[in-house]
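1. Kindly generate the corresponding structure for this input.
(2 chains)
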Amino acid sequence: MTEPSLAVIGAGPAGLAAALAAAARGIRVTLIDSAAEAGGQFYRQPAPGLGARRPQALHHQWRTWERLRDGLRAHVQAGTVRHMTDHHVWFVERRDTAGFAVHALVGPEQEQPAEVRAAAVLLATGGYEKVLPFPGWTLPGVVTAGGAQAMLKGGLVLPGRTAVVAGTGPLLLPVATGLAAAGATVAALVDSADPKSFVRRSRTLAGRPGKVAEGAQYAGQLLRHRVRTLLHHTVVAAHGAERLEAVTIAALDRDGRVRQDTRRRLGCDTLAVSHGMLPHTDLADALGCRVDGTDVYVDDEQRTDVPGVWAAGETTGIGGSALSLAEGHIAGRSVAARLAGRAPDPGEWAAAARTRAGLRAFFAAVDSVYVPPAHWAEQVTDGTVVCRCEEVSAGAVREAVRELGAGDLRTVKLLTRAGMGWCQGRVCGPGVAGVAGCAETAGRRPFARPVPLGVLARAGETEEQ
Amino acid sequence: MNPLELVGAEPGPPFTVTLDGREMEALPGQTVAAALWTAGITSWRTTRGEGRPRGIFCGIGVCFDCLVTVNDRPNQRACLMPLRPGDAIRTQEGTGHDD
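-> Numbering: from 1, shown residues only, chains lettered A, B, ... in the order given. Sure thing, here's the model as predicted:
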């Protein structure tokens, strides 16, 4: 290898910040991403064919995106960054002498393999939505909040005319205001969090005036679009025959139980629902990186505990785009120094480190406020499908626990097939654990996405090109 | 207001694809899912077990709920698959391998 090289997996805020920082310091960067355009989920762009003249109307912090986008363009033109779009990474292989081999599948059909060699790897694989089950959540028209936003930002489409946005977490705000701005009637924003919790954490909030202003901005937009906000409420059920027609919502009591006397029905054809986010950790896990709870462990330089592997952004813990940028910024600088054979000077990223510390503290507070109702699983009827792929009902999961003695997620899976389907438990994991009453453990998956057997059979054939 | 107006979209000329043999229009760059949503269709698959309707859920390729048959290839994720002129979309029943 003639010059030190870095493979960045994921072209969202963290991956872009890291790629730009490393490339600016003489590292040859290959940026590998599954989308057709850079930006990740946060800066997901409308397809060029749609000819959007004002894509920023669906975005926040557009200036930051312009800076990242222009930086990437300049580096690609200069040949310092190679941007591989539409490459779906399924495995990163550690080679003793030659660093790493990144294995991807190319194109929307994902059947052709591609391989990238690099001395170091940076995982910026982002996160995805967590949704807990409730009766009716498999009806068409029920979508994840992030999914509704992705379809809107990328395809410029709405799932219906009248939406309810529900669950818990800060993501509900941009989703509700985004859908409303794009022409949907948002019948209600339903969050199970208790607003009093914010007051108790006012010191954390006071330390982040930017976040307070952001919140106030959303409040103004909700008011302007006449979106009713129901706090300490939850969706109990979604109704419809072939597609969503209505939802039942209810207030929660102090213990997080549904107050049955407050149940009411709201007509809607769309329910955008979210109970938080989960990091993508498959590649890190398969590489042997330490994963603490749901998050990839990193040190102050954003290094994982596996030599040569860095991680930044949501994969190290959910915390939004500003935190992802700070982490990417630090990771790219650390990679550049380490690949050049020297210890980096943390003074070079002091400001980013302060941002990182502040935002991690802020999101720790956010996480403690935005928790699903304590007794949510009580609302999941036995007939409710909890594992969407394998169509495993809550009743079957409960039977596995009560009658067959399953005490952990793995045994529940073996006895019921919950988590054995296409998504490999990514969607149902938290829901099945909650219904079973057992601990939510991180799923261990050897590959980050399905791989055709033909590709696996040929793996290694192109050992030395 | 609709999403296209909101961002001042001037899409390229629409093209024709088929859904179960019926012609429908799609815009350049749209995924299968986006074109179907534009046409007011939110379900295009039935599950293997109970034959229940499904469409988009996660919208980003994680959940596999939006599987669809495109040009005789079953189990394609509608949220990821961009459409090309003349593509034949078919609603998918079960595993999609029965016909």
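2. Quick check: residues of the stretch 201-350 of chain A near chain B?
-> A:E242, A:R243 (Cβ under 8 Å from any Cβ of the partner chain). C-beta: built from backbone N, CA, C; applies to glycine.
3. Any stretches of the stretch 201-350 of chain A with poor pLDDT?
-> Applying pLDDT under 70 to the stretch 201-350 of chain A flags the ranges A:201-206.
4. quick one: the strands in it?
-> With strands called from DSSP state E, counting those that start in this stretch, the stretch 201-350 of chain A shows them at A:229-231, A:233-239, A:246-251, A:264-267, A:270-274, A:277-279, A:291-292, A:295-296, A:309-311.
5. Nearest residue to the closest residue to chain B within the stretch 351-465 of chain A in space, please, no chain neighbours.
-> Chain B sits closest to A:W422 of the stretch 351-465 of chain A, with a gap of 3.6 Å, by Cβ to the nearest Cβ. Excluding the flanking residues, the one nearest A:W422 by Cβ to Cβ, 6 or more residues apart in numbering or on different chains is B:F64, at 3.6 Å.
6. dump the residue contacts of that neighbour.
-> By Cβ atoms under 8 Å, 6 or more residues apart in numbering or on different chains, the contact set of B:F64 is A:C389, A:G421, A:W422, A:C423, B:R77.
7. And the helices in chain A?
-> Shown for chain A, the helices assigned by DSSP state H span residues A:13-23, A:62-78, A:145-155, A:172-181, A:196-200, A:202-206, A:209-224, A:282-287, A:320-339, A:350-369, A:394-402, A:409-416, A:429-436, A:453-458.
8. Go through those helices and pick out the most buried.
-> helix A:13-23 (a mean of 31; mean count of other Cβ atoms under 10 Å in any protein chain shown).
9. does chain B sit close to that helix?
-> No - contact of helix A:13-23 with chain B (Cβ under 8 Å from any Cβ) is absent, the minimum separation being 15.6 Å.
10. what's that helix packed up against?
-> strand A:5-9, strand A:28-32, helix A:62-78, strand A:81-84, strand A:120-123, helix A:320-339 (3 or more Cβ pairs under 8 Å, 6 or more residues apart in numbering or on different chains; DSSP states H and E).
11. before we move on, the earlier item: from the contacts of B:F64, which two are the most distant?
-> Greatest spatial distance in the contacts of B:F64: A:G421 and B:R77, 13.8 Å, computed using Cβ to Cβ.
12. ok, these two, which is more surrounded?
-> More neighbours surround B:R77 than the other of A:G421 and B:R77, with 24 against 20 (other Cβ atoms under 10 Å in any protein chain shown).
13. Test of understanding: give the bridge partners of the more buried one.
-> Beta bridges link B:R77 to B:L67, judged by DSSP bridges.
14. check contacts around the closest residue to B:V17 other than its chain neighbours.
-> In space, not counting the residues next to it along the chain, B:V17 is nearest to B:D87; the distance is 4.5 Å by Cβ to Cβ, 6+ apart. Contacts for B:D87 (Cβ under 8 Å, 6+ apart) come out as B:V17, B:T18, B:A26, B:V32, B:V70, B:N71.
15. How much space separates the most centrally placed residue in chain A from chain B?
-> Nearest to the geometric centre of chain A sits A:G127, at 2.1 Å (Cα atoms, centre = their mean). For A:G127, the distance to chain B equals 10 Å [Cβ to the nearest Cβ, to the nearest Å].
16. Okay then, goodbye and thanks.
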